[in-house]
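**Student:** Have a look; sequence and predicted model below, questions after that.
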Amino acid sequence: MALAALLAIVTAPAASKATVGDLLVRIVHLRGPAAADGASAAASLKAAGVPLPEVDLAAPLTEGVAAHIVTALGMKLTTSRPDAPLSQSQMEALVAILAPEIARPPGSRTAETAAPPPPPGDNAKRKGQQKAPRTEPD
């Protein structure tokens, strides 16, 4: 998913800039009890096993930092403008778009819970699969 494409619909003329801590507080709010500030939000996410990158919580939020944080949450997000700052409204739009995935508990995403493929040579009939035709020796 490309961050620039997601945020293209949200234009923010001279809006207030979001901080890295602001994004972490919004993420934690979606996952459970709200955090009071960026430091407690970062601690909460790290305690939950999220491998957050080392960042300055008071620094302005950029597309690159947002992409790293979202990737640490287990989703793919890229940007061609990593140094572009995000406004408060752009950050809120990003959180709203990603909210269904952010709110899911770790391990509940479809790709993480999909059944593994059957082992090679497993001839058991499965729903939706055709049984391979038998070949007789000549």
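**Tutor:** On my side now, so go ahead. Residues are numbered from 1 along each chain as shown.
**Student:** so residue 69 touches residue 27, yeah?
**Tutor:** Yes. Residue 69 lies in contact with residue 27 (C-beta atoms under 8 Å); the separation is 7.4 Å. No exception for glycine: its C-beta is placed from N, CA and C like everyone else's.
**Student:** Comparing the two, which residue is more hemmed in?
**Tutor:** The neighbour comparison of residue 69 against residue 27 (other C-beta atoms under 10 Å) goes to residue 27, with 25 against 22.
**Student:** so is residue 83 in a helix, a strand, or just coil?
**Tutor:** With DSSP: H, G, I helix; E, B strand; the rest coil as the basis, residue 83 sits in coil.
**Student:** neighbours around the nearest residue to it once chain neighbours are set aside, how many?
**Tutor:** Excluding the flanking residues, the one nearest residue 83 by C-beta to C-beta, 6 or more residues apart in numbering is residue 62, at 5.7 Å. Neighbourhood size, residue 62 [other C-beta under 10 Å]: 21.
**Student:** Equivalent analysis for residue 35, please.
**Tutor:** Residue 35 has 21 nearby residues by other C-beta under 10 Å.
**Student:** Kindly report the same for residue 53.
**Tutor:** Neighbour tally, residue 53, other C-beta under 10 Å: 11.
**Student:** Same check on residue 26?
**Tutor:** Neighbour tally, residue 26, other C-beta under 10 Å: 21.
**Student:** Let's see the helix or strand containing residue 25 as PDB, backbone CA atoms only.
**Tutor:** Secondary structure assigned from DSSP states H and E places residue 25 in helix 20-31. Once non-C-alpha atoms are left out, helix 20-31 reads as follows in PDB (Å, rounded to 0.1, in the frame of the first residue of the first chain):
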ATOM      1  CA  VAL A  20       5.400  10.600  16.100                       C
ATOM      2  CA  GLY A  21       4.000  10.400  19.600                       C
ATOM      3  CA  ASP A  22       0.600  11.500  18.300                       C
ATOM      4  CA  LEU A  23       0.500   8.600  15.900                       C
ATOM      5  CA  LEU A  24       1.500   6.100  18.600                       C
ATOM      6  CA  VAL A  25      -1.200   7.400  21.000                       C
ATOM      7  CA  ARG A  26      -3.900   6.900  18.200                       C
ATOM      8  CA  ILE A  27      -2.600   3.400  17.500                       C
ATOM      9  CA  VAL A  28      -2.700   2.400  21.100                       C
ATOM     10  CA  HIS A  29      -6.200   3.900  21.500                       C
ATOM     11  CA  LEU A  30      -7.400   1.500  18.700                       C
ATOM     12  CA  ARG A  31      -5.800  -1.500  20.300                       C
END
